[in-house]
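Enquirer: Have a look at this fold, sequence not included:
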């Protein structure tokens with residue numbers, strides 16, 4: 001078993017290499033997938049090193065379950081148990097979580113049986129959404145398949161859709177129902193990345209898939225609309241990635257302090273009567289408006305299909 005210090009150093013070296021590659025080539029998808037793969041490998045290594053019981057399962061959930069990890073994103077995992085743990089197992093799981101932190105991973109973890117997952121999902125739409133994006137990392141495939149089967153049996157697509165629409169309305173209210181904030185949150189504000197995630201959550205729940213090609217195949221998007229959608233998502237991904245790099249931590253707000261530097265990174269330059277930062281923000285607002293419109297139309301169509 002390698003020392004936590006060495007594993008941490010390896011992870012930091014991988015992160016530095018991925019950052020340099022991104023800054024050189026500008027491939028946002030490669031960065032998000034690459035960081036996810038690096039964390040997958042490390043978590044699986046730690047899991048096997050501790051020789052945990054074979055009947056347990058380690059599951060990626062939330063954004064990590066989607067296979068997307070921004071430079072400073074949280075890493076959310078579910079440790080799935082067949083039964084309520086005894087004191088010995090609890091102690092082993094505590095050691096596992098300590099190892100996560102020792103190697104430099106900011107892991108948000110939950111430890112639950114399948115019944116406990118169902119109970120939490122029924123009472124909390126955030127938990128239900130996170131579990132909807134579950135992805136097996138290692139451990140018992142049998143337990144994982146039982147978990148997926150029970151989740152599917154207890155899932156109500158219409159109720160999920162209604163809860164997500166209400167949740168989005170409440171989120172919009174927190175941001176004054178506008179994508180045109182002077183310092184928008186590129187994840188949570190109207191027209192941000194969360195609006196895109198909502199689209200895929202509700203279309204997946206309704207049986208229309210969770211990719212742009214799925215939406216085209218089901219007639220919810222035209223090919224041209226899907227390309228525009230991809231352009232918007234890619235731009236927002238770049239904004240969030242560069243914000244995390246600029247802040248050196250998780251920061252999703254396009255604060256005035258970052259706008260000039262980010263504008264230069266997007267190759268904007270001051271022109272007569274138009275600062276570089278203004279050009280960047282105009283691009284952001286056009287993108288947010290397009291995402292908001294797409295979100296509205298698709299949610300209306302999915303709602304009509306489910307009703």
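Expert: Everything's here; your move. This structure is a prediction, so every number in the text was calculated from the model and none was measured.

Enquirer: how near is residue 143 to residue 175?
Expert: 40 Å (CB to CB, to the nearest Å). Every C-beta, even on glycine, is put in place using the N, C-alpha and C of the backbone.

Enquirer: Looking at those two, which one has more neighbours?
Expert: Taking other CB atoms under 10 Å, residue 143 and residue 175 do not tie; residue 143 has more neighbours (20 against 16).

Enquirer: What score does residue 87 have for pLDDT?
Expert: What the model reports for residue 87 is a pLDDT of 84.

Enquirer: Equivalent analysis for residue 1, please.
Expert: pLDDT, read off for residue 1, is 64.

Enquirer: Against residue 110, how distant is the residue nearest the centre of the chain?
Expert: With distances taken as CA atoms, centre = their mean, residue 63 lies nearest the centre of the chain, 2.3 Å away. From residue 63 across to residue 110, the span is 15 Å (CB to CB).

Enquirer: what residue ranges in the protein are flagged as low confidence?
Expert: For the chain, applying pLDDT under 70 flags the ranges 1.

Enquirer: Okay, strands next: where are they in it?
Expert: Here the chain has its strands, by DSSP state E, at 57-60, 75-81, 107-113, 135-139.

Enquirer: Tell me which of those sits most buried.
Expert: Each of the strands of the chain was scored by mean neighbour count; the highest is strand 57-60, a mean of 24, by mean count of other CB atoms under 10 Å.

Enquirer: Which elements pack onto that one?
Expert: helix 28-49, strand 75-81, strand 135-139, helix 141-153 (3 or more CB pairs under 8 Å, 6 or more residues apart in numbering; DSSP states H and E).

Enquirer: repeat that with 7 Å
Expert: strand 75-81, strand 135-139, helix 141-153 (3 or more CB pairs under 7 Å, 6 or more residues apart in numbering; DSSP states H and E).

Enquirer: Direction included, what does that strand pair against?
Expert: strand 75-81 (antiparallel), strand 135-139 (antiparallel) (DSSP bridges).

Enquirer: Any idea which of those gets closest to residue 275?
Expert: The closest of the strands paired with strand 57-60 to residue 275 is strand 75-81. By CB to CB, the value is 37.1 Å.

Enquirer: ok and the closest one relative to helix 28-49, angle-wise?
Expert: Strand 75-81 and helix 28-49 are oriented at 40 degrees to each other (axes from the mean of the first three to the mean of the last three CA atoms, to 10 degrees).

Enquirer: Measure how strand 75-81 sits relative to strand 107-113, angle-wise.
Expert: Using the same axes, to 10 degrees: strand 75-81 against strand 107-113 is 20 degrees.

Enquirer: Identify all contacting residues around strand 75-81.
Expert: Outside of strand 75-81, the residues within contact range by CB atoms under 7 Å, 6 or more residues apart in numbering are 39, 56-62, 64, 69, 93, 105-113, 130, 134, 143-144, 147.

Enquirer: what do you get if the cut-off is 8 Å, keeping everything else the same?
Expert: 39, 43, 56-65, 69, 89, 93, 96, 105-114, 117, 130-131, 134, 137, 139-140, 143-144, 147 (CB atoms under 8 Å, 6 or more residues apart in numbering).

Enquirer: With distance to residue 18 added, can I get the strands paired with strand 57-60 in TSV?
Expert: Output for the strands paired with strand 57-60, formatted as TSV (distance: least, CB to CB, whole Å):
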stretch	distance to residue 18
strand 75-81	15
strand 135-139	20
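
Enquirer: Minimum distance to residue 191: which of those strands has it?
Expert: strand 75-81 (24.4 Å).

Enquirer: Adding distance to residue 272, write the helices and strands packed on strand 57-60 out as CSV.
Expert: Formatted as CSV, these follow (distance: least, CB to CB, whole Å):
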stretch, distance to residue 272
strand 75-81, 46
strand 135-139, 51
helix 141-153, 58
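
Enquirer: Any idea which of the ones you listed gets closest to residue 279?
Expert: strand 75-81 (34.7 Å).

Enquirer: picking up where we left off before, and residue 242, which of the strands of the chain is closest to it?
Expert: Once the strands of the chain are compared by CB to CB, strand 75-81 is nearest, at 20.4 Å.

Enquirer: Report the angle between that closest one and helix 141-153.
Expert: 100 degrees.

Enquirer: how much distance is there from strand 75-81 to the middle of the chain?
Expert: The chain centre lies 15 Å from the centre of strand 75-81; the measure is CA atoms, centre = their mean, to the nearest Å.

Enquirer: What of stretch 25-44?
Expert: Distance, centroid of stretch 25-44 to centroid of chain: 13 Å (CA atoms, centre = their mean).
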